[in-house]
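S.K.: Structure here, sequence nowhere to be found:
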């Protein structure tokens, strides 16, 4: 009877069940420790990624670059023009109501400058204004303008907004300054502002790394601008993902 009460290993069933229960408890404890360790490792990785410095690239553009761009525009393309169709202006074949950006008028040259953390410019122009009571008035002059740069999250783009501050006319009644300023700014706001300069898609690129057997996508996430006394700097934040 004593032999029947024992297992083939020579231990009573109660002792065997106790050993098996302890082994199962130990297995469950080790599994829980592994789960917690894995979770802590993931959290640690997330904290490390959050605390890591952002991958940032900077592009610096000086006044010479922008003014060389304007020179190339006048040398290779047509003069930019805008219709003047507000404030009672009319356009006829004999007198089209429009304004043209000129390279230079009476010694004032179209150019941009960096000033007090802003981009400012002088815009030389010529045009005509047809009004029913005054007839066709041809004019030349120059304007003071500000260029404001902002990141537009809805467009995922760096945009520019042009603001004309003042208009100076040559040999033309000063009474036209106000109406012409309003028409020019209204046309810019309706047809051009804001102007998309760089979209995040255009700032992104792909780099093939053949020795590593793949590619990385340099994905632009945000861009901000900083205007200094001598240049404008674009700060581009990137993330790197598998291409």
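M.R.: That came through, no problem. Note that the coordinates shown come from a computational prediction; the quantities given were computed from them, not determined experimentally. Numbers count the residues shown, from 1 in each chain.
S.K.: For residue 101, the count of nearby residues, please.
M.R.: By other Cβ atoms under 10 Å, 19 other residues sit near residue 101. For every residue, glycine as well, the C-beta is placed using N, CA and C.
S.K.: Could you do the one 5 residues further on as well?
M.R.: Per other Cβ under 10 Å, the neighbour tally for residue 106 reads 12.
S.K.: hey, where'd the strands end up in the protein?
M.R.: Ranges of strands in the chain, per DSSP state E, are 55-62, 81-83, 98-102, 104-105, 108-109, 111-115, 118-131, 135-152, 157-169, 195-199, 205-209, 214-227, 231-242.
S.K.: Make a markdown table from those strands and add mean pLDDT and distance to residue 91 to it.
M.R.: As requested, the strands of the chain are exported to a markdown table (pLDDT from 0 to 100; distance: least, Cβ to Cβ, whole Å):
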| stretch | mean pLDDT | distance to residue 91 |
| --- | --- | --- |
| strand 55-62 | 94 | 37 |
| strand 81-83 | 90 | 7 |
| strand 98-102 | 92 | 7 |
| strand 104-105 | 96 | 22 |
| strand 108-109 | 96 | 26 |
| strand 111-115 | 92 | 29 |
| strand 118-131 | 89 | 6 |
| strand 135-152 | 91 | 10 |
| strand 157-169 | 93 | 19 |
| strand 195-199 | 93 | 24 |
| strand 205-209 | 94 | 44 |
| strand 214-227 | 94 | 37 |
| strand 231-242 | 94 | 36 |
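S.K.: Which of the ones you listed sits closest to residue 189?
M.R.: Residue 189 lies closest to strand 157-169 among the strands of the chain, at 8.7 Å (Cβ to Cβ).
S.K.: residues making contact with the closest one?
M.R.: Applying Cβ atoms under 8 Å, 6 or more residues apart in numbering, the contact partners of strand 157-169 are 123, 139-152, 176-177, 180-181, 184-185, 188, 192-200, 223-225, 234.
S.K.: Tell me the bridge partners for residue 125.
M.R.: For residue 125, the beta-bridge partners are residue 101, residue 141 (DSSP bridges).
S.K.: I should have written residue 55 there, sorry.
M.R.: Residue 55 has the following beta-bridge partners by DSSP bridges: residue 238.
S.K.: List the residues that contact it.
M.R.: Counted by Cβ under 8 Å, 6+ apart, residue 55 has contacts 237, 238, 239, 240.
S.K.: buried subset of those residues?
M.R.: 237, 238 (16 or more other Cβ atoms under 10 Å).
S.K.: Nearest residue to the middle of the protein?
M.R.: Centroid-nearest residue in the chain: residue 158, 2.8 Å away (criterion: Cα atoms, centre = their mean).
S.K.: quick one on the thing from earlier: turn the strands of the chain into TSV, columns for distance to residue 74.
M.R.: Shown next, in TSV, are the strands of the chain (distance: least, Cβ to Cβ, whole Å):
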stretch	distance to residue 74
strand 55-62	19
strand 81-83	13
strand 98-102	8
strand 104-105	9
strand 108-109	10
strand 111-115	11
strand 118-131	10
strand 135-152	15
strand 157-169	18
strand 195-199	19
strand 205-209	31
strand 214-227	24
strand 231-242	21
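S.K.: measure residue 168 to residue 150 for me?
M.R.: 28 Å (Cβ to Cβ, to the nearest Å).
S.K.: ugh, wrong one, residue 226
M.R.: Going from residue 226 to residue 150 by Cβ to Cβ gives 12 Å.
S.K.: Now do the residue lying closest to residue 106 once chain neighbours are set aside: how many residues are near it, please.
M.R.: Counting by Cβ to Cβ, 6 or more residues apart in numbering, residue 106 lies nearest to residue 170, which is 5.7 Å off, once chain neighbours are set aside. Using other Cβ under 10 Å, residue 170 has 12 neighbouring residues.
S.K.: Next one, pLDDT for residue 170 please.
M.R.: With respect to pLDDT, residue 170 scores 89.
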